[in-house]
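*Asks:* Coordinates for the following, if possible.
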Amino acid sequence: AFEEFLNRYLRWCRESRKPAVTMLVGHPRKLDMDAWRWAKATWSERTQLRRTLEKADLQTMRFGLCTTLMGDGYFGYDCANLGRGDWWWYPEYDAPLGHPIGPAHRNSDGTWQRAFQGGTVIVNGTLYDAVVRLDKPHRDFSTGQVRTQFTVPIFDGRILVATDQPLSSGAGRR
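*Replies:* Presented below is the predicted three-dimensional model:
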């Protein structure tokens, strides 16, 4: 289903009448979608839950963000049931990618990749962890690790920024 969704999103980005604003919005998988429960919760209970959920499912956040970066949309990640506009901010949002160099493409292993002026974005919508090999060292903006080879777990994504920093210790193992 991911492949079909991504192809529809990319087609929309290419073929929709311009200017177009496309937004993909996600939320933590652990979010209880029972609206009645949240309607009865106190402000304090909602605030505490928002703080917990903000960091509870970073994999889903990265997957949504990297999927969005395959096209030209905007990305949002929060708890709709607890109120929009939480303005959750993640380090990945500050990655110095610059402008895209070209369109996203599907790799032979089923992952998708898009090159930017400052790095590469990979999204893995396959049913297995994928190993990505790059010619030059890149820093994973989520972990800070500098490597030439990265493992991108199932339904996850990575923003990899080109760097001149030395490889992280143990860089050959992961």
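*Asks:* Tell me which residues of the lengthiest strand in the chain come out buried.
*Replies:* For the chain, the longest strand by residue count, based on DSSP state E, is strand 130-140. Neighbour-count burial for strand 130-140, counted by 16 or more other Cβ atoms under 10 Å, picks out 130, 132, 134, 137, 138, 139, 140. For the C-beta atoms, the positions are set from N, CA and C on the backbone; glycine is no exception.
*Asks:* and these as a markdown table, adding pLDDT and distance to residue 155?
*Replies:* Listed next are the buried residues of strand 130-140 as a markdown table, based on pLDDT from 0 to 100; distance: Cβ to Cβ, whole Å:
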| residue | pLDDT | distance to residue 155 |
| --- | --- | --- |
| 130 | 97 | 11 |
| 132 | 95 | 15 |
| 134 | 94 | 21 |
| 137 | 96 | 26 |
| 138 | 97 | 21 |
| 139 | 97 | 22 |
| 140 | 97 | 17 |
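*Asks:* Can you mark which positions in the least confident helix or strand in the chain by mean pLDDT are buried?
*Replies:* Lowest on mean pLDDT, DSSP states H and E among the helices and strands of the chain sits helix 35-40, with a mean of 76. Applying a neighbour-count criterion of 16+ other Cβ under 10 Å, one finds residue 38 buried in helix 35-40.
*Asks:* Take it, keep the C-alpha atoms, and write them as PDB.
*Replies:* Taking Å, rounded to 0.1, in the frame of the first residue of the first chain, the C-alpha atoms of helix 35-40 are listed here in PDB:
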ATOM      1  CA  ALA A  35     -12.400  11.400  20.900                       C
ATOM      2  CA  TRP A  36     -14.800  10.900  23.800                       C
ATOM      3  CA  ARG A  37     -12.000  10.000  26.100                       C
ATOM      4  CA  TRP A  38     -10.100  13.200  25.200                       C
ATOM      5  CA  ALA A  39     -13.200  15.300  25.600                       C
ATOM      6  CA  LYS A  40     -13.400  14.200  29.200                       C
END
